[in-house]
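Novice: Whatever this is, show me its structure:
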Amino acid sequence: MPNIPGPPLDAAQSTEYMKAATTLLCDCGCHPQSVHECACGRAEELRGVVADHVRSGMSGDAVIAKFVAEKGEKILIAPKSEGFNLVAWVGPLAGLFLAAGGLALVLRRWNRKAGPAASAAPPVARDSAWDARLSRELEEYDR
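Specialist: I've put the predicted structure just below:
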């Protein structure tokens, strides 16, 4: 568990802290991680701010609301699943279904165009004179 600056939190405060710290995105600009998980100096500073808010009696939801009011919804790890943000949740799933449907149509058309499998060699017209000569030569060879 990362270091939480300041005096230790009691059990209730720790729960509220974790709720806020795992929901808020570290705004350091490096690898996008929650304030709780990020190891940069900015995350350490944000952990201290979150812990101070919780120590002052704010709930985890109140701390999250305060950060959203100050920095906008971009501070959240995941967008809320309402309004236009719903596209972020439903969009990838809809795209996956559309891609699967398109692939099924393409494969169906390929199968329809290919038709029955063609044999390796086209049928050859039989020549009885040739067959007779081949039979005679094979009989001579067997003797």
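
Novice: For the host helix or strand of residue 49, list every residue counted as buried.
Specialist: Using DSSP states H and E, residue 49 sits within helix 41-55. Residues of helix 41-55 classed as buried: 43, 44, 46, 47, 49, 50, 51, 53, 54, 55 (neighbour count, 16 or more other Cβ atoms under 10 Å). For the C-beta atoms, the positions are set from N, CA and C on the backbone; glycine is no exception.

Novice: go on, stretch 26-38?
Specialist: Going by 16+ other Cβ under 10 Å, stretch 26-38 has these buried residues: 26, 28, 33, 34, 35, 36, 38.

Novice: nearest spatial neighbour of the last one, skipping sequence neighbours?
Specialist: Of all residues beyond its chain neighbours, the one nearest residue 38 is residue 26 (3.9 Å), with distances taken as Cβ to Cβ, 6 or more residues apart in numbering.

Novice: so who does the most centrally placed residue in the chain touch?
Specialist: Among the residues of the chain, the one closest to the centroid is residue 92, at 8.2 Å (Cα atoms, centre = their mean). By Cβ atoms under 8 Å, 6 or more residues apart in numbering, the contact set of residue 92 is empty.

Novice: Wasn't it part of a strand?
Specialist: No - judged by DSSP: H, G, I helix; E, B strand; the rest coil, residue 92 forms no part of a strand; its state is helix.
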